[in-house]
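Chemist: Generate coordinates for the sequence data below:
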Amino acid sequence: MHNKPRLLRNSDHRRMPWKNGGGETVEVIVHPEGASLSDFGWRVSMATVASDGPFSVFPGIDRTLAVLSGEGMDLSIEGLGDRLLTPASHPLPFPADAPTTARLTGGPITDLNVMTRRGVFGHTLTHHVVTGSTALPTSSGERLLLALEPLGVSTTEGLIGLQPLDALVLGGSEKADVLAAGERSAFYLVEITPA
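Modeler: Predicted coordinates:
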């Protein structure tokens, strides 16, 4: 089935309070559409973390976290120990049901959070920098590209321009090339696959 690429503008992302009330989250996309925090299959969101404290616990969920902006945060994850996350770090996968506490290393940060329901979906989150143009890898599931800087995506539907924190959802087999605006453009690629 051919799904057209779906552009999700940053200005249209849904803003909502955290599950534990400790901050605000910006929901980029949730599957199935309209699902709540207790029954989603997968979800991509961004959150501003402005103070130290515990993460919301999501039973049966796997999550991957990346820092988009700010200095960084120290995570203390039960079973995994301490991990420092900065904008330069590789995205960190960990169980969302492991009790986790965050400590900011220097002021508020914004993070990117990908969550999938264990045993139903799996995911990967990778950081890419493009100079010129690069082909997006195909996948067995769905792909979501989150722009960190202005860039273009050439698809079968034509060229789609993205501004920072805009997202583009693509089917797994859809051919797409990412084009840098300027010398280089960075983006995150989320791949969601059926478990």
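Chemist: Tell me how far the helix or strand of the chain with the lowest mean pLDDT lies from the chain's centre.
Modeler: Ranking every helix and strand in the chain by mean pLDDT, DSSP states H and E puts strand 14-17 at the bottom, with a mean of 87. From the chain centre to the centre of strand 14-17 is a distance of 15 Å (C-alpha atoms, centre = their mean, to the nearest Å).
Chemist: Buried ones in it, by neighbour count?
Modeler: By neighbour count on 16 or more other C-beta atoms under 10 Å, the buried set for strand 14-17 is empty. Bear in mind the C-beta positions are built from the backbone N, C-alpha and C, glycine included.
Chemist: try stretch 151-169
Modeler: Buried positions in stretch 151-169, judged by neighbour count with 16+ other C-beta under 10 Å: 151-155, 160, 162, 164-169.
Chemist: on that earlier part again, name the next helix or strand following the least confident helix or strand of the chain along the chain.
Modeler: The helix or strand immediately downstream of strand 14-17 is strand 24-31, counting by DSSP states H and E.
Chemist: After that next one, which helix or strand is next?
Modeler: Sequence-wise, the next helix or strand downstream of strand 24-31 (DSSP H and E) is strand 42-49.
Chemist: partners of that following strand, with directions?
Modeler: Here strand 42-49 has these sheet partners by DSSP bridges: strand 24-31 (antiparallel), strand 109-117 (antiparallel).
Chemist: Other residues contacting the next helix or strand after the last one?
Modeler: Yep, that's strand 109-117 we're talking about. Under the assignment DSSP H and E, the closest C-terminal helix or strand after strand 109-117 is strand 121-130. Contact with strand 121-130 is made by 41-42, 62, 64, 66, 90-91, 93, 112, 114, 116, 134, 141, 151, 178-180, 184-195, as judged by C-beta atoms under 8 Å, 6 or more residues apart in numbering.
Chemist: who does the next helix or strand after strand 121-130 pair up with?
Modeler: Downstream of strand 121-130, the next assigned helix or strand under DSSP H and E is strand 133-135. Partners of strand 133-135 in the sheet, by DSSP bridges, are strand 177-180 (antiparallel).
Chemist: Mind listing what's buried along the strand it pairs with?
Modeler: Residues of strand 177-180 classed as buried by neighbour count (16+ other C-beta under 10 Å): 178, 180.
Chemist: mind saving the C-alpha coords of that strand as CSV?
Modeler: The C-alpha trace of strand 177-180 is given here as CSV (Å, rounded to 0.1, in the frame of the first residue of the first chain):
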residue,chain,number,x,y,z
ASP,A,177,16.6,11.7,-0.9
VAL,A,178,17.5,14.2,1.7
LEU,A,179,19.0,17.5,0.4
ALA,A,180,21.0,19.9,2.6
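Chemist: Perfect, that will be all.
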